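Engineer: Got a sequence here, can you model it:
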Amino acid sequence: MDGSREMATVAGNLAGAATGDAPNRGSLYISRLVACLADAGPRIMLRHGNVDITASEFLASIYQYARALMTLGIGRGSFVALFAPNCPDAIAIRYAANLIGSGTAYLSNPATIERRAELVAQMAPDLLVLFAPTIALAPTSSAVRIASVGVTVAAAAVRLDYLASEQGSDALPCPATPDDLAVVASSGGTTGLPKGSRRTFRAYSAMVNVPSPPSRRQLINGHLAYLSQVLVDVTLLGGGCVVLQDTFDAADTLATIESERITDLFLVEPQLFDVMDHPDVSRRDLSSLHTLSHVGASAPSTLRRRARQRLGSVIAHTYGASEQGLVSLLSPREHDPARPERFSCAGRILPFVEVRLRRPDGSLADIGEVGSIEVRSPAMAQGYRNRPELEAENFRDGWYRPHDLGRIDAEGYLYIIGREADVRWISGAPLTPTSVEETLCQMREVRVAVVVADDEADRWIAAVVPWEGALLDARTCLAGIAEAQGHEAAARIVIIAIQTIPVTEQGKPDREAIKQLARGGLRPVPP
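Structural biologist: Okay, here's the model as predicted:
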């Protein structure tokens, strides 16, 4: 694969790339999308549950849902929220709402019904849409108007799919302007109430205005749609096909790559580790795969090298967040075994993205110097929906502060040191969870390690997964940490041995669950 194709495919696989040199930059994404679907006609654009959906069929459903929403009074300036699974109807409804000028949000799934009610209240939608797999997520005491799809429930005022089936499928104009609210991206909310970062049509169009080839077959495998919105949009805008599955499973993912000839896949790092260590890696035909992108943490370089060894030169790594979009990219070609330091970086900063680093005294850091990261780009969110205090804290003078520490080397590669709250300074050097994870993962008994800070106990917890059949000795682990990071570092770490890293709904390491495991007294058994 040539370099330009590689970069286009990689960038198209990532949430939030700002590439202002793409064509038709000034047009709204939703207008380009319906035009793309109209041109594609009989081409298969979605596959869900072994059912293929053509572009023309999908476009007709968008127009029908748009008219159904209009009969409910939804239009320009409205706001529609969805507890949405990864299914064609959910995608069509979001596009339909944007097409008639309404803002949209795929909601995350907070752990308790109280938190879900708080999330809905914070978002304050004019309409909340539920689906058969997400009916249980509906807040019981909310006054918001509810519509349902695929199931009839007492709380829903209308069956939106029934209403849509009665509508025409002729084309509709889009009344939205570039500065109207288009999309609110909901965070997972594992440590509190989820945040909703808001983007205008201008910003969201920049976010998904990424080159993506028509030959792309993007696998989306997760329960809720909020985790994969940008991937779906980039693929369909490029004329590619989205293959939707309801859950992630390592064996099934490998089988699907083979059977569906998947070209692009996006995984958070615990999922990547499960896939790369699965025995089916050597049994499945993965030759169709062009790019496997991973994000979610600064993974230890040992594990990133193992991913390339087992899956080939398809691995891409990114740094970004829902608020700032994609900031940097390390392409498959740049994962060079001859340059081992590359496996500990987050890649080059993308065009049209500005990154600056600040010292603790507020002055700007120099090249090679660690500082607090600040980001600005055309694809960046404008702030948070109905969270003014949090917005003022994180969005300042057009820049977003992710509260991460990093440095930029002389070649322009960005290195993420870690979250400001997690980094500890010992004798002037940063001690980070990733550095401890790297030390642990270099031990022959250790398959995966995740280190989290437990501020209440003033300690760090290292959750370690040994290889099958290996015996893990906590004292040996701590001795290795003491040798690599010093005795002061080792003294603040507690080792727990577990069979599987607990993960959040997003598939990221569940920090709170790991803390609870440590507080429950789980320890390695071998002496």
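
Engineer: Residue 162: neighbour count?
Structural biologist: Using other C-beta atoms under 10 Å, residue 162 has 12 neighbouring residues. (Glycine included, C-beta is placed from N, CA and C.)

Engineer: Now do the buried residues in the one helix or strand it maps to.
Structural biologist: Here residue 162 sits within helix 160-165, counting by DSSP states H and E. By neighbour count with 16 or more other C-beta atoms under 10 Å, helix 160-165 contains the buried residues 160, 161, 163, 164.

Engineer: and if you look at stretch 288-303?
Structural biologist: Result for stretch 288-303 [16+ other C-beta under 10 Å]: buried residues 289-303.

Engineer: re the thing from before, from the chain's centroid, how far away is the helix holding residue 162?
Structural biologist: Offset of helix 160-165 from its chain centre (C-alpha atoms, centre = their mean, to the nearest Å): 31 Å.

Engineer: before we move on, the earlier item: adding distance to residue 432 and pLDDT, write the buried residues of helix 160-165 out as JSON lines.
Structural biologist: Listed next are these as JSON lines, based on distance: C-beta to C-beta, whole Å; pLDDT from 0 to 100:
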{"residue": "160", "distance to residue 432": "47", "pLDDT": "98"}
{"residue": "161", "distance to residue 432": "49", "pLDDT": "97"}
{"residue": "163", "distance to residue 432": "53", "pLDDT": "98"}
{"residue": "164", "distance to residue 432": "50", "pLDDT": "98"}
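
Engineer: I'd like to know the average pLDDT value across the one helix or strand residue 64 maps to.
Structural biologist: Using DSSP H and E, the element containing residue 64 is helix 55-71. In this model, helix 55-71 carries a mean pLDDT of 98.

Engineer: Quickly note the distance from residue 427 to residue 400.
Structural biologist: From residue 427 across to residue 400, the span is 32 Å (C-beta to C-beta, to the nearest Å).

Engineer: Could you list the alpha-carbon positions for the helix holding residue 162 in CSV?
Structural biologist: Provided in CSV are the C-alpha atoms of helix 160-165 (Å, rounded to 0.1, in the frame of the first residue of the first chain):
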residue,chain,number,x,y,z
LEU,A,160,-41.1,6.5,15.5
ASP,A,161,-40.6,3.6,13.1
TYR,A,162,-44.3,3.2,12.5
LEU,A,163,-44.6,7.0,12.0
ALA,A,164,-41.7,6.9,9.5
SER,A,165,-43.2,4.0,7.5
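
Engineer: pLDDT averaged over stretch 88-95 - what is it?
Structural biologist: Mean pLDDT, computed over stretch 88-95, is 98.

Engineer: Measure how far it is from the centre of its chain, please.
Structural biologist: Centroid separation between stretch 88-95 and its chain, computed with C-alpha atoms, centre = their mean, is 19 Å.

Engineer: hmm, who's touching that stretch?
Structural biologist: For stretch 88-95, contacts defined as C-beta atoms under 8 Å, 6 or more residues apart in numbering pick out 30, 33-34, 46, 48, 53, 58, 61-62, 65, 69, 80, 82, 84, 104, 106, 129, 131, 149-150, 160-161, 225, 229, 232, 244.

Engineer: what ranges do the helices span in the stretch 401-527 of the chain?
Structural biologist: Secondary structure of the stretch 401-527 of the chain by DSSP state H, counting those that start in this stretch: the helices cover 433-441, 474-485, 487-491, 511-519.

Engineer: of the ones you listed, which approaches residue 384 most closely?
Structural biologist: Proximity to residue 384 (C-beta to C-beta) singles out helix 511-519 among those, at 21.7 Å.

Engineer: And the closest one, what does it pack against?
Structural biologist: Helices and strands touching helix 511-519, by 3 or more C-beta pairs under 8 Å, 6 or more residues apart in numbering; DSSP states H and E, are strand 446-454, strand 459-466, strand 493-497.

Engineer: now the angle from the last one to strand 459-466?
Structural biologist: Yep, that's strand 493-497 we're talking about. 30 degrees (axes from the mean of the first three to the mean of the last three C-alpha atoms, to 10 degrees).

Engineer: same for strand 493-497, what does it pack against?
Structural biologist: Secondary-structure packing of strand 493-497 (3+ C-beta pairs under 8 Å, 6+ apart): strand 459-466, helix 474-485, helix 511-519.

Engineer: sorry, back to before: what comes up buried for the helix holding residue 64?
Structural biologist: Neighbour-count burial for helix 55-71, with 16+ other C-beta under 10 Å as criterion, is recorded at 55, 57-70.

Engineer: mind listing the helices for the stretch 151-300 of the chain?
Structural biologist: 160-165, 201-208, 229-237, 250-260, 269-276.

Engineer: Need those helices in TSV (columns: distance to residue 330).
Structural biologist: Formatted as TSV, these follow (distance: least, C-beta to C-beta, whole Å):
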stretch	distance to residue 330
helix 160-165	42
helix 201-208	20
helix 229-237	18
helix 250-260	21
helix 269-276	14
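
Engineer: quick one, which of the ones you listed is nearest to residue 363?
Structural biologist: Nearest of those to residue 363, taken as C-beta to C-beta: helix 201-208 at 29.3 Å.

Engineer: Show me what that closest one packs onto, helices and strands only.
Structural biologist: Applying 3+ C-beta pairs under 8 Å, 6+ apart, we find helix 201-208 packed against helix 29-40, strand 181-186, helix 229-237.

Engineer: For stretch 132-139, C-alpha coordinates in CSV please.
Structural biologist: Coordinates of each C-alpha in stretch 132-139 appear next as CSV, following Å, rounded to 0.1, in the frame of the first residue of the first chain:
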residue,chain,number,x,y,z
ALA,A,132,-35.6,-2.4,21.8
PRO,A,133,-32.1,-3.2,23.2
THR,A,134,-32.0,0.1,25.2
ILE,A,135,-35.5,0.3,26.7
ALA,A,136,-34.1,-0.5,30.1
LEU,A,137,-32.0,2.7,30.0
ALA,A,138,-34.9,5.0,30.0
PRO,A,139,-35.1,7.2,33.1
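
Engineer: now it, how far from the chain's geometric center?
Structural biologist: Distance of stretch 132-139 from the chain centroid (C-alpha atoms, centre = their mean) equals 22 Å.

Engineer: Quick one: residues in contact with that stretch.
Structural biologist: Residues from elsewhere that reach stretch 132-139 (C-beta under 8 Å, 6+ apart): 83-85, 107, 109, 113, 116-117, 120, 128, 130, 146, 148-151, 153, 155, 223-224, 246.

Engineer: what do you get for stretch 117-124?
Structural biologist: 79, 81, 105, 107-108, 110, 128, 139-142, 144, 184, 186, 189, 193-194, 196, 385-387.
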